[in-house]
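J.: Pasting the sequence and the predicted coordinates here, then a few questions.
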Amino acid sequence: AQSVTQLGSHVSVSEGALVLLRCNYSSSVPPYLFWYVQYPNQGLQLLLKYTTGATLVKGINGFEAEFKKSETSFHLTKPSAHMSDAAEYFCAVSGSGTYKYIFGTGTRLKVLA
Amino acid sequence: KAGVTQTPRYLIKTRGQQVTLSCSPISGHRSVSWYQQTPGQGLQFLFEYFSETQRNKGNFPGRFSGRQFSNSRSEMNVSTLELGDSALYLCASSSQGVENTEAFFGQGTRLTVV
């Protein structure tokens, strides 16, 4: 079975500050991990993904995440927050050969001027 | 390249009615999956289709059904609507490659049951 836990349903950061959104997963098979962003009344947009290979993954808009198997974590970071980063962020896990994603409960990011 | 298209974007139905939602995947994508998003339950997997075959099904009652056509377009149907079915329904399409690739999501259909 697979599951995802996102710590912190709401995170506030100042503009220009570090963004850190936490994601821990549980998986009985090698996981594929994803971060998606959702703006109000929109669908989900992929930020980055980990399948195999390099554990530090770079995505769009300056975001990156590091897969740490020993900690079963896949935290999302961005060095400097921008007002446009305000949105809801979802971590998801799937197994090989399926597009059945298990999503975390989401973290709403607020960026303060 | 056009993205995933979901129609309609908004829908209001009465309790007890049935509804059909449509999803047109990205050209060339053969896998379509559906998710329900609500404030209380978050994003929950409904079904996954590949080449007209249901490959996975989530933990939803039999009132929720879906299908995929030979052109990869997909529909989902909810019969005997309940107030709790009010949600954003998201469709995602994916290409079927050797390595698992990401799912591309549509903008969703907002269903309100009154």
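T.: Looks like it arrived, so ask away. The shown structure was predicted, so the numbers you read here are calculated from the model rather than taken from an experiment. Numbers count the residues shown, from 1 in each chain, chains lettered A, B, ... in the order given.
J.: CA only for contacts and neighbour counts going forward, please
T.: Fine.
J.: just the strands in the chain please.
T.: Just so you know, I chose chain A. Counting by DSSP state E, the segments of chain A that form strands are A:3-7, A:10-14, A:19-26, A:32-38, A:44-50, A:56-58, A:64-68, A:73-78, A:87-94, A:102-103, A:107-112.
J.: try again with chain B
T.: Taking DSSP E as the criterion, chain B carries its strands at B:5-7, B:10-13, B:19-24, B:31-38, B:42-50, B:53-57, B:64-68, B:74-78, B:87-94, B:104-105, B:109-113.
J.: Direction included, what does the third one pair up with?
T.: If you go by DSSP bridges, strand B:19-24 pairs up with strand B:5-7 (antiparallel), strand B:74-78 (antiparallel).
J.: ditto for the shortest one
T.: Next to strand B:104-105 in the sheet, as set by DSSP bridges, lie strand B:87-94 (antiparallel).
J.: Could you list the residues in contact with the strand it pairs with?
T.: A:43, A:99, B:4, B:6, B:23, B:25-26, B:29-38, B:101-112 (Cα atoms under 8 Å, 6 or more residues apart in numbering or on different chains).
J.: got it, and stretch B:55-72?
T.: Around stretch B:55-72, the neighbours that count as contacts under Cα under 8 Å, 6+ apart are A:100, B:24-25, B:29-32, B:44-54, B:74-80.
J.: Could you list the residues of chain A in contact with chain B?
T.: Proximity of chain A to chain B (Cα under 8 Å from any Cα of the partner chain) is limited to residues A:32, A:34, A:41-46, A:49, A:51, A:96-106.
J.: Make JSON lines from the strands paired with strand B:19-24 and add mean neighbour count and mean pLDDT to it.
T.: As requested, the strands paired with strand B:19-24 are exported to JSON lines (neighbours: other Cα atoms under 10 Å in any protein chain shown; pLDDT from 0 to 100):
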{"stretch": "strand B:5-7", "mean neighbour count": "20", "mean pLDDT": "97"}
{"stretch": "strand B:74-78", "mean neighbour count": "19", "mean pLDDT": "98"}
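J.: can you list these in JSON lines and add distance to residue A:80?
T.: Putting these into JSON lines (distance: least, Cα to Cα, whole Å) gives the following:
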{"stretch": "strand B:5-7", "distance to residue A:80": "33"}
{"stretch": "strand B:74-78", "distance to residue A:80": "40"}
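J.: Return the most buried member of the strands of chain A.
T.: With neighbours defined as mean count of other Cα atoms under 10 Å in any protein chain shown, these peak in mean count at strand A:87-94, which reaches a mean of 24.
J.: What are the contacting residues of it?
T.: When contacts are taken as Cα under 8 Å, 6+ apart, the neighbours of strand A:87-94 outside the stretch itself are A:2-4, A:6, A:23, A:25, A:31-40, A:100-110.
J.: what about 6 Å?
T.: Outside strand A:87-94, the residues within contact range by Cα atoms under 6 Å, 6 or more residues apart in numbering or on different chains are A:31-39, A:101-104, A:106-109.
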